[in-house]
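[1] got a structure for you, letters missing:
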């Protein structure tokens, strides 16, 4: 059985919170079209933040595709604020049997609170606590990507990318000035000067013993400084969401769902409940196309989540059987928004 941190790492890659918060970039990066760098700039989204940015939402049902090895950790996520990436509208029904990050095997119907509803796959990331982050590169792609963008929108996206970079840089400066003005730091002139000269991204290096001893930063003070910066960072990032999300209509407005060219949507759910599941199964056919089940294998492990049907595939055709197509239609009707 996988532990939760291993689960996160193998599914989507795990980011350390300090690496996310104290990211270093220059002003020239705002003009860059380097997509690999754009994916490193992450914006957080939690339930409370979602409620303040997008307003209150009703719980919805969506689908999450996984394999047996991840079922136990999926069950443990129920009722928590750990975020699960789901979907409701894949462009290709083969996705139900092939899967995404963890491969296919079982489609779970999941009910939960939607912190983020996107028309495209945002390639979101998690930190070690299961909090969800959206890469800036997914919100503001540098090419047409999953949509047939019109030229006006591409121009706006380029301008908005520069605006958000500037806002993040300003947020880092705001946090740094608040820190050096706080009671825990302001009376230590050496520490104040060091923070201002080294920059926001170097604050975690205060843990280096030589620096800490010289600047009077013990473990307790270091923990307080990091906690202060992280709390302020979340507040600043929420402000950035509030200022900009309405301009990302292709991503968040369901009206533009039909303009998506490929992949699937992404629905991030918290406080989840696993309602039912649909395991993948295989059948084989003879020359006349008659179907027969391969082996009388036991049902896959689902941790007690009810099995409502099977995604049956005829291996002689590498395609869903008639029963398999019925299940596909059933799944898609259950999660249709």
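    Done, it's in. All values derive from a computational prediction rather than experimental measurement. Numbers count the residues shown, from 1 in each chain.

[2] for the record, mean pLDDT for the one helix or strand residue 323 maps to?
    Element membership of residue 323 [criterion: DSSP states H and E] is helix 322-334. Helix 322-334 carries an average pLDDT of 92.

[3] Centre of the chain to that helix, how far?
    Centre-to-centre, helix 322-334 and its host chain are 27 Å apart (Cα atoms, centre = their mean, to the nearest Å).

[4] Enumerate every residue touching the closest residue to residue 196 other than its chain neighbours.
    Nearest non-adjacent residue to residue 196, counting by Cβ to Cβ, 6 or more residues apart in numbering: residue 180, 6.3 Å away. Placement of C-beta: from N, CA and C, glycine included. Residue 180 sits next to 186, 192, 195-196 when contact means Cβ atoms under 8 Å, 6 or more residues apart in numbering.

[5] Poorly predicted segments of the stretch 1-150 of the chain, please.
    By pLDDT under 70, the weakly predicted segments of the stretch 1-150 of the chain are 1-15, 26-36, 101-103, 140-150.

[6] Strands of that one, residue ranges please.
    For the stretch 1-150 of the chain, the strands defined by DSSP state E, counting those that start in this stretch occupy 14-15, 42-45, 60-66, 84-86, 106-118, 125-127, 132-135.

[7] Please produce CSV containing those strands, extended by mean neighbour count and distance to residue 319.
    Below are the strands of the stretch 1-150 of the chain laid out as CSV (neighbours: other Cβ atoms under 10 Å; distance: least, Cβ to Cβ, whole Å):
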stretch, mean neighbour count, distance to residue 319
strand 14-15, 18, 36
strand 42-45, 22, 38
strand 60-66, 23, 18
strand 84-86, 24, 25
strand 106-118, 23, 17
strand 125-127, 21, 34
strand 132-135, 22, 35
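
[8] ok, and what's touching the helix holding residue 323?
    61, 63, 93, 96, 107, 109, 278, 308-314, 320.

[9] Next: stretch 213-225.
    Stretch 213-225 is contacted from outside by 179, 184-185, 188, 190-191, 194, 203, 206-207, 211-212, using Cβ under 8 Å, 6+ apart.

[10] Centroid-nearest residue for this protein?
    In the chain, the centroid-proximal residue (Cα atoms, centre = their mean) is residue 124; its distance is 2.6 Å.

[11] Look up how far residue 75 lies from residue 304.
    8 Å (Cβ to Cβ, to the nearest Å).

[12] Looking only at residue counts, what's the top helix in the protein?
    Ranked by residue count and defined by DSSP state H, the top helix of the chain is helix 151-181.

[13] coming back round to it: ok, of the contacts of stretch 213-225, which one's closest to residue 45?
    residue 203 (23.6 Å; Cβ to Cβ).

[14] Buried residues, stretch 205-222. List them.
    206, 211-212, 215, 217, 221-222 (16 or more other Cβ atoms under 10 Å).

[15] what mean pLDDT does that stretch have?
    Across stretch 205-222, pLDDT averages out at 86.

[16] just to revisit the earlier point, now do the helix holding residue 323 against strand 106-118: the angle between them, please.
    Angle of helix 322-334 versus strand 106-118, following axes from the mean of the first three to the mean of the last three Cα atoms, to 10 degrees, is 30 degrees.

[17] In a markdown table: the contacts of stretch 213-225, plus distance to residue 328.
    Listed next are the contacts of stretch 213-225 as a markdown table, based on distance: Cβ to Cβ, whole Å:
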| residue | distance to residue 328 |
| --- | --- |
| 179 | 54 |
| 184 | 58 |
| 185 | 59 |
| 188 | 64 |
| 190 | 65 |
| 191 | 61 |
| 194 | 60 |
| 203 | 51 |
| 206 | 55 |
| 207 | 52 |
| 211 | 58 |
| 212 | 59 |
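
[18] Filter those residues down to the ones in helices?
    The helices, defined by DSSP H, take in 179, 190-191, 194, 211-212 from these.

[19] Let's have those in CSV, adding distance to residue 300.
    Formatted as CSV, the ones in helices among the contacts of stretch 213-225 follow (distance: Cβ to Cβ, whole Å):
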residue, distance to residue 300
179, 51
190, 61
191, 56
194, 56
211, 53
212, 52
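
[20] a markdown table please, covering the strands of the stretch 1-150 of the chain and showing distance to residue 330.
    A markdown table is the format used below for these (distance: least, Cβ to Cβ, whole Å):
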| stretch | distance to residue 330 |
| --- | --- |
| strand 14-15 | 34 |
| strand 42-45 | 30 |
| strand 60-66 | 11 |
| strand 84-86 | 17 |
| strand 106-118 | 10 |
| strand 125-127 | 30 |
| strand 132-135 | 28 |
